[in-house]
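K.L.:
below are the sequence and a predicted model for it; my questions follow.
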Amino acid sequence: MKTVHVSTGKPYDIFIERGILDLCGEYVKRLTTAEKAVVVTDNNIAPHYQWRVLNSLGKQNIDAKPFIYKAGEESKNLATISELYKMLADFRMTRRDIIIALGGGVCGDMAGFAAATYLRGIDFIQIPTSLLAQVDSSVGGKTGVDLPQGKNLVGAFHQPAAVLIDPDTLNTLPDKFIADGMGEVIKYGCIKDGQFFEFLERENALEHIEDVIETCVSIKRDVVNRDEKESGERMLLNFGHTLGHAIEKIYGFTGMTHGMAVAIGMVMIARAGEERGVTQNGTAERIKSLCEKYGLPASDRATFAELAEAAAGDKKTSGSKINLVLLKNIGESFILTIPLRELEEFITVPSNTAEETNPYGGNTTDNLDQL
Ligand code: MG
């Protein structure tokens, strides 16, 4: 078993172990005061893992109920949260009790938000079952739901009591979802760890998945420890995300997964950095090759103007300025704040100089089919 300690305001541990799903009751018993638990999960995950978690809780005499919602980002809204509050209240959950998030990023965000707000805050435990959630969204304490106006517009910082990661849950994931998580994995190498990036280039990450998860959550832990509420360094975790979110928005959050969009965003911003002379030449090409190695697209048809416009509405933009995460080289990142009106110019790379590696020449539909 691997353990990564997070020393945020409320410290907690991330436990990585094959089969840990069946031990979750023991962890709940050891780490919390819970007598009752509500296990939040979706209708795709429930048939695979729900009974294992409920059994494990039952063995520790924890009275547990499942809350099952329809899988997908469409469920991540206040209507689902209302239903969940109703179950928590009807079940007479108290501040001693616990919510368990069993699922991917949507599940962790919603269950965490309910835990942050029900009775002004109760404990929750993350059991992430997707690679994206295991390496990224389950760590850091961000919780929330979407509004019709945009993603994650309502939420809270609420750290879990623990994160239990069972790499075996990845065995049942379709390749597309593994690729989705690899976008964030590659991001960690880009922003903080050149050696890890080389490891991903050299090896097959999936054959070393426990090490990969440990490295990613350790990098995220280090960043979050230093900047829990995202006022500075934590912004580095948004590498590739400003343009990635813009791409997701252009696609209406369907068809294009988060990891795919981030992959494209990383290549684009690295190329822009090279063009402006702040990023070492060849960086974008290396990121592109690595993304493609793990089944991610590195290009899209959206124009610079469309991207700049979509990015301008991102909640990460502050007023008339936008924070861009750029690389000096692989493993070394920094934040550059530019006026929002200069964004389009900044990301525009003349197509003649970028012919070989033009990130805009590809066809995303083809890439989607490959996935
Ligand atoms: Mg992300």
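P.N.:
Looks like it arrived, so ask away.
K.L.:
confirm that residue 127 sits in a helix.
P.N.:
No: using DSSP: H, G, I helix; E, B strand; the rest coil, the assignment for residue 127 is strand, not a helix.
K.L.:
surely it and residue 164 touch.
P.N.:
Yes: in this structure, residue 127 is within contact of residue 164 by Cβ atoms under 8 Å, at 4.9 Å. Every C-beta, even on glycine, is put in place using the N, C-alpha and C of the backbone.
K.L.:
so the two - more neighbours on which side?
P.N.:
More crowded of residue 127 and residue 164, by other Cβ atoms under 10 Å: residue 127, with 32 against 25.
K.L.:
ok, that one - contacts?
P.N.:
Neighbouring residues of residue 127 by Cβ atoms under 8 Å, 6 or more residues apart in numbering: 21, 24, 53, 100-103, 163-166.
K.L.:
follow-up on the earlier one: what sits in contact with each of residue 127 and residue 164?
P.N.:
Common neighbours of residue 127 and residue 164 (Cβ under 8 Å, 6+ apart) are 21, 24.
K.L.:
residue 230 and residue 102, how far apart?
P.N.:
26 Å (Cβ to Cβ, to the nearest Å).
K.L.:
what about those two, which has more around it?
P.N.:
Just comparing residue 230 and residue 102: by other Cβ under 10 Å the higher neighbour count belongs to residue 102, 31 against 16.
K.L.:
quick one: residues in contact with the helix or strand where that one lies.
P.N.:
Under the criterion of DSSP states H and E, residue 102 resides in strand 98-103. With contacts defined as Cβ under 8 Å, 6+ apart, strand 98-103 is touched by 24, 28, 32, 34, 36-42, 45, 49-50, 53, 57, 64, 88, 107-108, 110-112, 114-115, 118, 122-130, 133, 138, 160-161.
K.L.:
now it: mean pLDDT?
P.N.:
What strand 98-103 shows for mean pLDDT is 98.
K.L.:
kindly report the same for stretch 244-251.
P.N.:
Here the average pLDDT along stretch 244-251 is 90.
K.L.:
just how off-centre is that stretch within its chain?
P.N.:
In terms of Cα atoms, centre = their mean, to the nearest Å, the centre of stretch 244-251 is set 15 Å apart from its chain centre.
K.L.:
just to revisit the earlier point, what subset of the contacts of strand 98-103 is buried?
P.N.:
Neighbour counting with 16 or more other Cβ atoms under 10 Å marks 24, 28, 32, 34, 36-42, 45, 49-50, 53, 57, 64, 88, 107-108, 110-112, 114-115, 118, 122-130, 133, 138, 160-161 as buried within these.
K.L.:
and the strands in the stretch 201-350 of the chain, which stretches?
P.N.:
For the stretch 201-350 of the chain, the strands defined by DSSP state E, counting those that start in this stretch occupy 321-329, 332-339.
K.L.:
tabulate those strands (a markdown table), appending distance to residue 287, mean pLDDT and mean neighbour count.
P.N.:
Listed next are the strands of the stretch 201-350 of the chain as a markdown table, based on distance: least, Cβ to Cβ, whole Å; pLDDT from 0 to 100; neighbours: other Cβ atoms under 10 Å:
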| stretch | distance to residue 287 | mean pLDDT | mean neighbour count |
| --- | --- | --- | --- |
| strand 321-329 | 8 | 95 | 20 |
| strand 332-339 | 12 | 95 | 14 |
